[in-house]
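S.K.: prediction below, plus the sequence it came from.
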2 protein chains.
Amino acid sequence: MLQSKIDNGSLIVGVLGAGQLAKMLANDAYRLGLRFATIEDKPGSPASFMTKLDFSGKGNDRERLDEFIRNVDVITLENEFIDPEILEYIEQLKPVYPSSKTLNLIQDKYTQKNTFRDAGLDLANYAKMDNIEDCKEFGARFGYPFVLKSRKYGYDGYGNETVDSEVEIERAYNNLTKNNKSGILAESFVRFTKELAVMVARSKNGEVVVYPCVETIQRNHICHKVIAPAQIDDKITEKAKQSAVKCVEAINGVGVFGIELFLTTDGEVLVNEIAPRPHNSGHYTIEGCYTSQYENAIRAITGLPLGNTDLIMGAACMINLLGERDGSGVPRNPDKMLTKKAKLHLYDKTESRVGRKMGHITAIATTVEQAVSIAEDAANNFKW
Amino acid sequence: MLQSKIDNGSLIVGVLGAGQLAKMLANDAYRLGLRFATIEDKPGSPASFMTKLDFSGKGNDRERLDEFIRNVDVITLENEFIDPEILEYIEQLKPVYPSSKTLNLIQDKYTQKNTFRDAGLDLANYAKMDNIEDCKEFGARFGYPFVLKSRKYGYDGYGNETVDSEVEIERAYNNLTKNNKSGILAESFVRFTKELAVMVARSKNGEVVVYPCVETIQRNHICHKVIAPAQIDDKITEKAKQSAVKCVEAINGVGVFGIELFLTTDGEVLVNEIAPRPHNSGHYTIEGCYTSQYENAIRAITGLPLGNTDLIMGAACMINLLGERDGSGVPRNPDKMLTKKAKLHLYDKTESRVGRKMGHITAIATTVEQAVSIAEDAANNFKW
């Protein structure tokens, strides 16, 4: 299963995209003795330096895609915003996971929510909004605040507007629809005590493994910290893990998936959304678990048995390193951090921007308190 | 310190050689956000696939070396058999560690032993052998068996002949001198209870860190298994670690060094030899320690602070996966191994040969017994 059909060498894993997720996929592919190919619109993304099989920015869109396809055995992605028609085109030529059908079920958040609701999952109230009247009706029925969201392409808070009362509807609706042809949905504002996330790997053979339920802590809508395992009741953990698996099965997902959930003030577990790829909330698995989310993504799409997802030491903490300036992506002084018992990952992005994900730090320990303490100490000592 | 002087991007680490040690150096360089370049005589070695900056097999020897040097910020090596004159040439153009002076002190094992003896280290009896008479004298003075060794280029049992009695001297001496212009030395056969190894990282700033003392178990003169930490008396551990540091300081070594030692039946700790590079006996540090030997090699040559060398869980076991056939380097069925709680490393060598190092498996645990048991179970379930 590890042999390439192209040159009788090792299997070549192609990734659509060359950002930090592709970079971490490449590292695990290389550790497993496999080869790595990538493609982006423009050259110079982090993973593009990691292989000769980099087709970024070459020729026109179709030419470079065709060359990429010819040179790989199996394809996956690091970004869910890819046009499902491109996946359909690839599917005629080479195996690609997740499939265009899976992507079609989740790229539009309204379709995603319908799919999950039909599979019996618990979600916040939601409805599609065709006009301002719909929004007013939603507010009247489910109360304020609620959130208006672009049905497609939203991330890290982009494409969201919170509506606190009826007078704010018009501004929020117009803001979101201005440059947006994908439509809008409304969702009740969830009063939560914790945000949770669960990674699930599902193989093309149908095998499923689930990672621990983790707590994610956001700052300005961007993931700041991940604590594994989440410090919650066992029943909540079980519910979150079962919900995550149901989500992946509902979309017939193959690969690795990040499922974000809310633990509400009422003790309910609601599915928020799914990412059909390795996820920021799963970076901790590289050091924290027997098999990382990246390795299991590769195993899933190549049909290898999925690996054990247990936490090696019992606990892990991941903290994102966000850009603190606009300019060079190379940190000036990470030295003090390097003396700590934590692992540093830097993504080699050419340019830093304030708030951009530039790297992360992971600490593992026998207790969550220790892991958090080591990771925080390391992150506080990292100087851009 | 992480910024390249070539293109203002991330620092480019160049490795002379593209085998599995270069591959594992590349993976840690990439995780740290750095870039990686390599050079070999011929194309197609494991690490050559991991970068566009691969100069293997290009142009003539000098042309490709010059292009390699132009394209990197700092250089290290994965093989001690490189001609020190090449290092001297490189030293005029770019920083390279270990230095030609260090290599000159260890490449010839007779010079190496003299250097270590002069630094006060304990060694087995040895002497240089200019002719068969010298061998007979050595046998008469120190007893049989003793070992005749090529002064240069020996590894994994190649270049060694054990001499059990005087009648065997002529055959052994002639065997070794036949294709060997580097000379011969004799060394008393050491009766040992364990073979030990210690990795030491020493920075260009003079900072030194020492890894745990491990036990290495050979089969047919090739490393089969590494157990960390070695199950020996604390005093022996201390002696081994102090000796290892002394060795590195005696050669003014910068980078990471593997020091092999014998624990004799008399309880003595004797230095066997040193490798001026990441070492098979240090593979376990990737998963087993807070900072791997590869990361500390990179830190040492770039002047970053060296990282913590403690065992994360208290114990680790590494088992080499040796080729079991001549032919393709791609394993046919690693599936069953992949369900175990151990990490698989495959080197992506194009060709397998019986006994060739094709990959390894590492398990970590809280006790040596557990780590060994997990690693052995995984290795026994790996099928080529």
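M.R.: Received, thanks.

S.K.: A:Ala37 is in contact with A:Asp54, correct?
M.R.: Yes - counting by C-beta atoms under 8 Å, A:Ala37 is a contact partner of A:Asp54 at 7.2 Å. Glycine gets a C-beta too; all of them are placed from N, C-alpha and C.

S.K.: tell me the strands beside the worst-scoring helix or strand of chain A on mean pLDDT, with direction?
M.R.: Within chain A, no helix or strand scores below strand A:327-328, which has a mean of 90 by mean pLDDT, DSSP states H and E. Partners of strand A:327-328 in the sheet, by DSSP bridges, are strand A:351-352 (antiparallel).

S.K.: which element follows the partner strand toward the C-terminus?
M.R.: Per DSSP states H and E, the first helix or strand lying C-terminal to strand A:351-352 is strand A:357-365.

S.K.: more neighbours: which of A:Asp54 and A:Ala37?
M.R.: A:Ala37 (26 against 22; other C-beta atoms under 10 Å in any protein chain shown).

S.K.: quick one: A:Tyr110 is in a helix?
M.R.: Yes - counting by DSSP: H, G, I helix; E, B strand; the rest coil, A:Tyr110 falls inside a helix.

S.K.: residues contacting it?
M.R.: Contact analysis of A:Tyr110 by C-beta atoms under 8 Å, 6 or more residues apart in numbering or on different chains lists A:126, A:128, A:151, A:183, A:185.

S.K.: which intervals of chain A have sub-threshold pLDDT?
M.R.: When residues are selected by pLDDT under 70, those of chain A lie in A:1, A:155-157.

S.K.: tell me the contacts of the residue in the stretch 151-300 of chain A positioned nearest to chain B?
M.R.: Nearest residue of the stretch 151-300 of chain A to chain B (C-beta to the nearest C-beta) works out as A:Tyr290 at 4.8 Å. A:Tyr290 is in contact with A:307-310, A:312, B:341-343, counting by C-beta under 8 Å, 6+ apart.

S.K.: so what's the residue count around the closest residue to it other than its chain neighbours?
M.R.: Using C-beta to C-beta, 6 or more residues apart in numbering or on different chains and skipping residues adjacent in sequence, the residue nearest A:Tyr290 is A:Asn308, 4.1 Å away. Using other C-beta under 10 Å, the number of residues around A:Asn308 comes to 15.

S.K.: picking up where we left off before, out of the contacts of A:Tyr290, who has the most neighbours?
M.R.: B:Ala342 (29 neighbours).

S.K.: each with direction, which strands does the helix or strand following the least confident helix or strand of chain A pair with?
M.R.: Next along the chain after strand A:327-328, taking DSSP H and E as the criterion, comes strand A:343-346. Strand A:343-346 pairs in its sheet with strand A:357-365 (antiparallel), by DSSP bridges.

S.K.: so which elements touch the very next helix or strand once past the strand it pairs with?
M.R.: Using DSSP H and E, the next helix or strand after strand A:357-365 towards the C-terminus is helix A:368-380. Helix A:368-380 is packed against strand A:222-228, strand A:315-322, strand A:357-365, with contacts defined by 3 or more C-beta pairs under 8 Å, 6 or more residues apart in numbering or on different chains; DSSP states H and E.

S.K.: just put those strands in a markdown table and tack on mean neighbour count and distance to B:Lys136.
M.R.: Shown next, in a markdown table, are the helices and strands packed on helix A:368-380 (neighbours: other C-beta atoms under 10 Å in any protein chain shown; distance: least, C-beta to C-beta, whole Å):
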| stretch | mean neighbour count | distance to B:Lys136 |
| --- | --- | --- |
| strand A:222-228 | 21 | 67 |
| strand A:315-322 | 25 | 63 |
| strand A:357-365 | 25 | 59 |
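
S.K.: for B:Gly44, find the nearest of those.
M.R.: B:Gly44 lies closest, by C-beta to C-beta, to one member of those: strand A:357-365, at 32.3 Å.

S.K.: could you check the angle the closest one makes with strand A:222-228?
M.R.: Orientation of strand A:357-365 against strand A:222-228 (axes from the mean of the first three to the mean of the last three C-alpha atoms, to 10 degrees) gives an angle of 20 degrees.

S.K.: and strand A:357-365, how far out from the chain middle?
M.R.: 16 Å (C-alpha atoms, centre = their mean, to the nearest Å).

S.K.: for stretch A:181-192, same thing?
M.R.: 19 Å.

S.K.: kindly report the same for stretch A:205-213.
M.R.: For stretch A:205-213, the distance to the chain centre is 16 Å (C-alpha atoms, centre = their mean).

S.K.: okay, buried residues for that stretch please.
M.R.: A:208-213 (16 or more other C-beta atoms under 10 Å in any protein chain shown).

S.K.: can you tell if that stretch touches chain B?
M.R.: No - Stretch A:205-213 does not reach chain B (C-beta under 8 Å from any C-beta of the partner chain); its nearest approach is 10.3 Å.

S.K.: before we move on, what about stretch A:17-25?
M.R.: Yes - Stretch A:17-25 reaches chain B (C-beta under 8 Å from any C-beta) through A:Lys23.

S.K.: and for that stretch, what's in contact with it?
M.R.: A:13, A:15, A:36, A:38-40, A:45-48, A:50, A:54, A:56, A:76-79, A:82, A:277-278, A:283, A:286, A:292, A:294, A:297-298, A:345, A:347-349, A:357, B:30.
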